[in-house]
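Visitor: starting from these lines, generate the structure:
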Amino acid sequence: QVQLVESGGGLVQAGGSLRLSCATSGLPFRSYVMGWFRQAPAKEREFVAAISTSGGSTYYANSVKGRFAISRDNAKNTVYLQMNSLKPEDTAVYYCAANLGMSSSSSAYDYWGQGTQVTVSS
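Guide: Residues are numbered from 1 along each chain as shown. Okay, here's the model as predicted:
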């Protein structure tokens, strides 16, 4: 059974930082591109970042470029999202997802976690 479990969300002031983790099990982690998406209330789910199987390539939404960093540890089957200089508009539920190819489209991802809430106060 494939499981993706996010952690690390919480409440932070604007300008602060959080590090999200997504621990996976039940899938060949090294074979999967990993992505982070987010969904704010009354908004569509949107792409945040993705990382290639080796970790050598990363891809970011323009809204987070330069502030967020995605990384992965293939030995731990875990992907991370370091979020710096957080803004109130970053408030959302953050989801990790697994896909066999690099994509910014949520429909391309096969497996999803349950999400973790990030709230940024002004």
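Visitor: S107: what secondary structure?
Guide: Classification of S107 by DSSP: H, G, I helix; E, B strand; the rest coil places it in helix.
Visitor: actually R30, not the one I wrote
Guide: Criterion first, three-state DSSP; result for R30: helix.
Visitor: now it: closest residue in space, sequence neighbours ignored.
Guide: Spatial nearest neighbour of R30, excluding adjacent residues (Cβ to Cβ, 6 or more residues apart in numbering): N74 at 5.0 Å. Any C-beta I mention is one placed from the backbone N, CA and C, and that applies to glycine too.
Visitor: can you pull the contacts of that neighbour?
Guide: 29-30, 54-55 (Cβ atoms under 8 Å, 6 or more residues apart in numbering).
Visitor: mind saving the C-alpha coords of the host helix or strand of R38 as CSV?
Guide: Using DSSP states H and E, R38 sits in strand 33-39. Provided in CSV are the C-alpha atoms of strand 33-39 (Å, rounded to 0.1, in the frame of the first residue of the first chain):
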residue,chain,number,x,y,z
VAL,A,33,9.4,12.5,-9.5
MET,A,34,8.1,14.2,-6.4
GLY,A,35,6.1,17.3,-6.3
TRP,A,36,4.5,19.7,-3.9
PHE,A,37,1.2,21.4,-4.5
ARG,A,38,-1.0,23.7,-2.4
GLN,A,39,-4.6,24.6,-2.1
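Visitor: can you list contacts of that strand?
Guide: Identification of contacts with strand 33-39 by Cβ under 8 Å, 6+ apart yields 20, 22, 45-53, 70, 72, 79, 81, 90, 92-104, 106, 109, 115, 118.
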